[in-house]
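Asker: Give me the fold of what follows.
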Amino acid sequence: MVIPNERRVIRGRIDPARAAISPGRLCRALALTFALASPAVAAQTLHFLALSDNDVPVADAVISLPADQRSSPAPAYDGAPAIMDQVKKQFRPRILAVAAGAQVAFPNSDNVRHHVYSFSPAKVFELKLYSGQPEAPLLFQQPGVVVLGCNIHDSMLGYIYVAETPYFSQTDASGKATLTFPDAIPAPKDILVWSPELSIDSQTILRLSLSELPTSAADRDAYIIRLNMQGNGVERTQGKSGFGGKFRKQQHE
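Answerer: Just a heads-up that it's a prediction; the model follows:
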């Protein structure tokens with residue numbers, strides 16, 4: 001996992017010529033280098049394995065810490081804007097996870113114009129027909145799931161998961177994820193889990209108790225998350241009143 005407000009430490013370089021003249025200076029420089037390389041904040045790590053009911057790994061599921069399990073307010077987001085690109089008439093990545101307060105840029109890498117929008121409660125917006133780079137990134141302040149569509153290409157579908165905290169991770173192709181957070185945060189009792197393919201619907205975020213999850217001794221005591229993945233994401237009406245059509249209708253109501 002990448003914590004958005006992480007600050008990287010650049011190791012100092014030692015002048016070999018000066019070190020040869022003064023061994024004591026070399027020792028002091030090496031000690032300083034190791035001190036700078038040490039993590040500034042001790043961290044806790046949890047491992048997870050997401051599986052469907054028939055034991056198929058679930059990729060791109062988002063696992064995050066709830067806001068009510070912090071001992072202090074989450075740090076303000078000060079990272080670069082996240083990127084939700086448009087490539088070959090598809091959103092890339094299909095699922096983007098960011099922390100509340102993050103900005104997201106929507107470049108269009110296609111040679112056709114797109115009209116990006118969302119009518120999700122967490123973020124309602126519209127980027128009218130454009131190519132290249134929009135004027136400015138958009139701020140995503142409200143936690144929740146933002147479903148993206150294109151008002152020109154109804155087959156385009158993407159998701160932005162806005163996490164309550166900056167402590168989140170996405171499962172890889174094998175269904176595994178590692179969640180890291182500072183030691184200052186009390187050991188969490190619950191986690192939030194989301195995937196657009198959940199059988200419930202694409203907006204529901206599950207809250208699971210860690211004490212009720214089995215663990216895998218064969219995989220670093222990873223918590224096993226079993227998900228009902230019978231759903232197909234956002235339901236669309238067939239024909240001309242598809243995903244984009246629903247947005248157009250809503251705009252005129």
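
Asker: Return the set of residues that bridge with residue 162.
Answerer: Beta-bridge pairing of residue 162 under DSSP bridges involves residue 98, residue 144.

Asker: Can you check what pLDDT the model gives it?
Answerer: Residue-level confidence at residue 162 comes out at 97, pLDDT.

Asker: can I assume it is in contact with residue 139?
Answerer: No - using C-beta atoms under 8 Å, residue 162 makes no contact with residue 139, being 10.4 Å away. In short, each C-beta sits where N, CA and C put it, glycine included.

Asker: Show the contacting residues for the residue nearest the centre of the chain.
Answerer: The structure's the chain has its C-alpha centroid closest to residue 97; by C-alpha atoms, centre = their mean the separation is 2.1 Å. Residue 97 is in contact with 62, 64, 160, 161, 163, 168, 170, counting by C-beta atoms under 8 Å, 6 or more residues apart in numbering.

Asker: Farthest pair within those residues?
Answerer: Of all pairs drawn from the contacts of residue 97, the greatest distance, 13.3 Å, lies between 64 and 160 (C-beta to C-beta).

Asker: Return the set of buried residues in stretch 195-204.
Answerer: If you call a residue buried by 16 or more other C-beta atoms under 10 Å, then stretch 195-204 has these buried ones: 195, 196, 197, 198, 202, 203.

Asker: oh sorry, the question was meant for stretch 56-64
Answerer: The neighbour-count criterion (16+ other C-beta under 10 Å) identifies 58, 59, 60, 61, 62, 63, 64 as the buried residues of stretch 56-64.

Asker: Ok, stretch 202-220 next?
Answerer: Within stretch 202-220, the residues that count as buried by 16+ other C-beta under 10 Å are 202, 203, 205, 206, 208.

Asker: Narrow these to those in strands?
Answerer: Judged by DSSP state E, strands contain the following of these: 206, 208.
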